[in-house]
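Engineer: only the shape, not the letters, is given here:
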């Protein structure tokens, strides 16, 4: 079930390259990489999991409420991350020309399926 949702997010987003469901401990639950893509999505997730934990702590200290979403736009890729709960997040990696808005929309609308399966 997880793989199908991750695949759908990547395939329905122009420029979508890879996606993953991962715990904040850096252990991947499931990944999907588009055919022909040379992206190490698990390494991306592990590196960002440390940052996500710090963002959550900072949001709490600032009384901003729970963090929901983070995006990192770099020269060669954009990574969209959506917090699912206290233990897991989902990420979508896009090519530089990827459709950022569509990726955000799909993560927001399809991730409740992931959350229901995690419970």
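Structural biologist: Okay, I see it. On a predicted model such as this, the values are computed, not experimentally measured, just so you know.
Engineer: tell me which helix or strand residue 60 sits in.
Structural biologist: helix 41-61 (DSSP states H and E).
Engineer: got the contact list for residue 87?
Structural biologist: 23, 24, 118 (C-beta atoms under 8 Å, 6 or more residues apart in numbering). Just so you know, the C-beta spots here come from the backbone N, C-alpha and C atoms, and that holds for glycine as well.
Engineer: now, which of these sits nearest residue 37?
Structural biologist: residue 23 (22.8 Å; C-beta to C-beta).
Engineer: surely that closest one touches residue 29?
Structural biologist: Yes. Residue 23 is within contact range of residue 29, at 6.7 Å (criterion: C-beta atoms under 8 Å).
Engineer: what does the pLDDT read for residue 26?
Structural biologist: We note a pLDDT of 88 for residue 26 in this prediction.
Engineer: for it, which residues are in contact?
Structural biologist: Residue 26 makes contact with 45, 46, 49, 50, according to C-beta under 8 Å, 6+ apart.
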